[in-house]
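**Q** have a look at this prediction, sequence included:
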Amino acid sequence: MRGGFPVSVERKTAARHDSNQIKLNYQNSEPRAKFIIDWKSGFSYQFVFHLIVHLRTQVSENEHLIQKKSVDLQTLSPGHCLCGMYAGIQFRLERHQVPEQGVSVYNPAYTMEMKQANILIVDDNPGVLSAAKLFLKRHFAEVDTTREPADIPAFFKEKRYAVILLDMNFGRSAKNTGQEGFEWLEKILELDPSAVVVLITAYGDVELAVKAIKNGATDFVLKPWDNDKLLATLHSALKLRSSQDEADQLKSKQVGRNIAETRDLPEIVFRSQAMEQIFETVHRIAETDANVLLLGENGTGKDLVAQAIHAQSKRAQENFVKVDLGALTESLFESELFGHVKGAFTDARDDRPGRFEAADGGTIFLDEIGNLSLGQQAKLLTVLQNRTITRVGSNRVRPVNVRVIAATNQNLFEAVNNRTFRQDLLYRINTIEIHLPPLRERIDDIEPLATRFLQQFSHKYNRPVSGLSAALLKEMHRYPWPGNVRELQHAVERAVIMSKGEKLQPEDFFFRQPGMEEQGGDFPTMNLDDMEKQLIMKALQKYHGNITEAAQELGLTRASLYRRLEKYNL
């Protein structure tokens, strides 16, 4: 039978027969039915009411068949009744026509949300714990109980609780001031600032209730409680926790949008067969959630390929978040990736989601993953295996759903052999491997890339440069481009700025000669002024004192070079 229909429950005392009677009305199908249960005095009203609720929820929608464990009850027709015994309770079930009206005091819809939630009950009275667990286990996924509040941290490490039902007095003091409850409330909120705590006590008053709310409690109930009111209170508390979680997720999403790398996907230009094969692979794997490892030298375009994978995936409408792992220090690693809570460390003034939460539902791009220390690798592996994160300063485990794309310019298999990179982490991130070749191995891409950069920078700097000379293209094809596409981009940008003609010429470019790095790095001092002086002297020597050519070689104007010559008395 489907929940959510109105139920009317009425308790009556029949003095003549010294018995209690409950009427249960439920709306199902015509004719509507009424069940009456009689039981001998001495049994708790709550216990019998729970029996009724359980019987009602087991009613078959078509046959009105009632079942309760080993009790086998027959299908009832209007005007018939059935008598029996359950757990020492004598009852009579009778079906009658009933009027349409009725007051709902129990809402079965509560159980739909509660059945997925956990609750922790903390009270030093074993009877209270037993009664609460007996009642609430029907409504919550798991009900844990403890008489010792000192056990709370251990419970929090094991699982996440939607609601904590906390007693305010634990029998250690003759005065029932509720102070113990306030102290443990504070400790619970330290463990999980978003915890929803409902305080219970037999010695409550309005002033104590107000103080509890001010101290961070969600609500306050008195013992002995009314089951309906307790259930309604817990349901409201659960709603509050759900609202907090939704707000937290929205905040994480907004942070992700603010730091997301994908706005408009940059144009990816290529002509070579090697890049065609790579983008055929990208097209095949994009719609899957397989983790991808991008390998290649610096400047080969690994970040653009990562964005292309995300843009063609089912996660394209979600965030693409890039993390430069090589730039993270040991102290910032966990906070940046997994987030932190307020007060976790000196500068943690607010709760802050990490990059994994920001990318939830989308893609996280872990660049320079080969630079991680072994300790950082272990933490990252745990997150990738469990698909959960825990913010710094919190013990709350948060699920994350991200696709991982990693990139490095290092040989990770060699690093595994050298025991500087974890093999289990490598196998976790390299479901698919894509090797991006250096620019010198795909010279067919040089001309279209250079042309695209020329158009971009001539527009940006408003320069009348419109093409590349044949001599320049010949030099470009011979040059090894150790910095790959990034070096080509910077070289074209500089040439557009410095060029005096409509077409770029070889003299507009600074092509480093093989071995120049070694020669230029052989300085007798690390003083910047001395190194600059040495470079100027080398340039003048190379061009036999020609100021114009030396200035172009150094990337300076003639005026700037003259000022430096005067500065160093050259």
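**A** Received, thanks.

**Q** what sits closest to A117 if chain neighbours are left out?
**A** Nearest in space to A117, with sequence neighbours left out and distances taken as C-beta to C-beta, 6 or more residues apart in numbering, is A162 at 3.6 Å. Just so you know, the C-beta spots here come from the backbone N, C-alpha and C atoms, and that holds for glycine as well.

**Q** how much space separates that neighbour from R396?
**A** Computed with C-beta to C-beta, to the nearest Å, the distance linking A162 and R396 is 12 Å.

**Q** okay, R563: pLDDT?
**A** Per-residue confidence at R563 stands at 78 (pLDDT).

**Q** who's in contact with it?
**A** With contact set as C-beta atoms under 8 Å, 6 or more residues apart in numbering, R563 has no partners.

**Q** before we move on, what about N291?
**A** Residues near N291 by C-beta under 8 Å, 6+ apart: 384, 403-406, 428-432.

**Q** equivalent analysis for R564, please.
**A** R564 makes contact with 532, 536, 556, 570, according to C-beta under 8 Å, 6+ apart.

**Q** out of the residues you listed, which are inside helices?
**A** The helices, defined by DSSP state H, take in 532, 536 from the contacts of R564.

**Q** filter the contacts of R564 down to the buried ones.
**A** Buried by 16 or more other C-beta atoms under 10 Å: 536, 556, out of the contacts of R564.

**Q** among the contacts of R564, show me the least confident.
**A** Scoring the contacts of R564 by pLDDT puts L570 last, at 70.

**Q** chain center to the helix or strand harbouring H310: distance?
**A** Using DSSP states H and E, H310 maps to helix 302-311. When distances are taken as C-alpha atoms, centre = their mean, to the nearest Å, helix 302-311 is centred 21 Å away from the chain's centroid.

**Q** with just CA atoms, put the next helix or strand after that helix into PDB.
**A** Downstream of helix 302-311, the first helix or strand assigned by DSSP H and E is strand 320-324. C-alpha atoms of strand 320-324 as PDB (Å, rounded to 0.1, in the frame of the first residue of the first chain):
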ATOM      1  CA  PHE A 320      35.900  21.800 -15.700                       C
ATOM      2  CA  VAL A 321      38.400  22.600 -12.900                       C
ATOM      3  CA  LYS A 322      42.100  22.700 -13.400                       C
ATOM      4  CA  VAL A 323      44.600  22.200 -10.600                       C
ATOM      5  CA  ASP A 324      48.400  22.900 -11.100                       C
END
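
**Q** i'd like the first residue to be 123 from this point on
**A** In the new numbering, first residue 123, that becomes strand 442-446.

**Q** tell me the first helix or strand C-terminal of strand 442-446.
**A** Following strand 442-446 in sequence order, the next helix or strand is helix 452-460 (DSSP H and E).

**Q** just checking, what packs against that next one?
**A** If you count contacts as 3 or more C-beta pairs under 8 Å, 6 or more residues apart in numbering; DSSP states H and E, helix 452-460 packs onto helix 477-480, helix 496-508, strand 510-512.

**Q** list the buried ones in that helix?
**A** In helix 452-460, counting by 16+ other C-beta under 10 Å, buried: 455-460.

**Q** cool, stretch 562-582 as well?
**A** Buried-residue list, stretch 562-582, by 16+ other C-beta under 10 Å: 564, 567-568, 571-572, 575-576, 579-580.

**Q** secondary structure, distance to D473 and pLDDT for those - can I get that in CSV?
**A** As requested, those are exported to CSV (DSSP: H, G, I helix; E, B strand; the rest coil; distance: C-beta to C-beta, whole Å; pLDDT from 0 to 100):
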residue, secondary structure, distance to D473, pLDDT
R564, coil, 47, 93
D567, helix, 46, 94
I568, helix, 49, 94
L571, helix, 44, 94
A572, helix, 48, 94
F575, helix, 43, 93
L576, helix, 48, 93
F579, helix, 43, 93
S580, helix, 47, 92
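
**Q** and T510, how many neighbours?
**A** When neighbours are counted by other C-beta atoms under 10 Å, T510 registers 14.

**Q** need the contact list for it.
**A** T510 makes contact with 519-522, according to C-beta under 8 Å, 6+ apart.

**Q** show me which of the residues you listed is closest to Q499.
**A** V522 (18.1 Å; C-beta to C-beta).

**Q** surely that closest one meets L506?
**A** No: between V522 and L506 there is no contact under C-beta atoms under 8 Å: 9.8 Å.

**Q** could you list the low-confidence segments of the stretch 573-692 of the chain?
**A** Low-confidence segments of the stretch 573-692 of the chain (pLDDT under 70): 634-649, 666.

**Q** swap in 50 and give it another go.
**A** Applying pLDDT under 50 to the stretch 573-692 of the chain flags the ranges 637-643.

**Q** can you map out the helices along it?
**A** 592-600, 606-620, 638-642, 650-664, 669-676, 680-689 (DSSP state H, counting those that start in this stretch).

**Q** and the stretch 223-372 of the chain, by the same measure?
**A** Applying DSSP H, counting those that start in this stretch to the stretch 223-372 of the chain gives helices spanning 232-236, 248-258, 274-280, 301-313, 328-336, 349-381.

**Q** quick one: pLDDT of A231?
**A** The per-residue pLDDT reported for A231 equals 42.

**Q** and for A412?
**A** For A412, the pLDDT comes out at 95.

**Q** could you count how many residues lie near L344?
**A** Residues within reach of L344, counting by other C-beta under 10 Å, total 16.

**Q** from N517, how far out is S358?
**A** Distance from S358 to N517, by C-beta to C-beta: 25 Å.

**Q** same check, this time on A412
**A** For A412 relative to N517 (C-beta to C-beta), the value is 32 Å.

**Q** try T410
**A** Computed as C-beta to C-beta, the T410 to N517 distance reads 34 Å.

**Q** who does the closest residue to V514 other than its chain neighbours bridge with?
**A** Closest residue in space to V514, ignoring its immediate chain neighbours: H462 at 3.9 Å, by C-beta to C-beta, 6+ apart. With DSSP bridges as the criterion, H462 is bridged to R474, V514.
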